[in-house]
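Q: A predicted structure for the sequence below; I have some questions about it.
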Amino acid sequence: MRRIRNPIRRSGRRGAALIVAIVCVSIAVAVMYGITQLAVQAHREVGLQQRQAQADWIAESAADRAAARLAADAGYSGEEWLLSAGEIGGPYDAKVRISVDHSEGQPGWCQVRVVADYPADLPLRVRQTRVFRMPHGERRD
């Protein structure tokens with residue numbers, strides 16, 4: 001005797017297999033999305049660290065420049081300039097501002113403030129500031 005196959009039972013198995021496949025693909029997509037988000041975040045953090053290091057180097061160089069200018073000229077009051085990306089070997093321009101306050105309480109001494117912005121414009125800007133006191137006509141170590 002020949003058995004008659006039930007078409008309803010067979011299509012139910014295919015439907016269950018399809019649901020399992022959809023669930024597996026959904027889980028894989030969710031995992032890949034999470035991995036992608038972690039990679040993007042890591043890339044952003046590395047970029048921030050690079051910008052912070054560059055701003056730090058620029059601020060330190062500007063502080064050395066201010067000290068040298070003040071040692072050569074006791075009346076030096078500061079300056080502001082824009083460094084092009086090509087000058088500093090990076091992808092962005094930088095802005096530096098040096099101000100010298102000669103009205104410190106002690107004669108012969110001044111306060112120097114250096115502000116370095118890298119890149120020069122927002123939204124990626126990192127700002128590094130250096131403030132130090134030095135006597136007129138002496139070099140900073």
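A: Received it, and whenever you're ready, just let me know what you need.
Q: Not counting residues beside it along the chain, what's closest to the residue most central in space within the chain?
A: For the chain, the residue nearest the mean C-alpha position is Leu48 (2.0 Å; Cα atoms, centre = their mean). Distances taken as Cβ to Cβ, 6 or more residues apart in numbering place Val126 nearest to Leu48, at 7.3 Å, with adjacent residues excluded. For every residue, glycine as well, the C-beta is placed using N, CA and C.
Q: My assumption is that the residue nearest to the centre of the chain lies in a helix; please confirm.
A: Yes. Membership of Leu48 in a helix is supported by DSSP: H, G, I helix; E, B strand; the rest coil.
Q: Might one say that it is in contact with Pro119?
A: No. In this structure, Leu48 is not within contact of Pro119 by Cβ atoms under 8 Å, at 11.8 Å.
Q: Spell out which residues are contacts of both of the two.
A: Listed as contacting both Leu48 and Pro119 by Cβ atoms under 8 Å, 6 or more residues apart in numbering are Val126.
Q: List the residues that contact the residue nearest to Leu48.
A: Leu48, Arg51, Gln52, Gln54, Ala55, Asp117, Tyr118, Pro119.
Q: give me the beta-bridge partners of it?
A: Note on Val126: beta-bridge partners by DSSP bridges are Tyr118.
Q: packing partners for the helix or strand containing Ala116?
A: Using DSSP states H and E, Ala116 sits in strand 109-118. Strand 109-118 sits against helix 7-72, strand 94-101, strand 126-135, with contacts defined as 3 or more Cβ pairs under 8 Å, 6 or more residues apart in numbering; DSSP states H and E.
Q: Touching it from outside, list them.
A: Residues contacting strand 109-118 (Cβ under 8 Å, 6+ apart): 51, 54-56, 58-59, 62-63, 66-67, 70, 78, 90, 92, 94-102, 104, 125-136.
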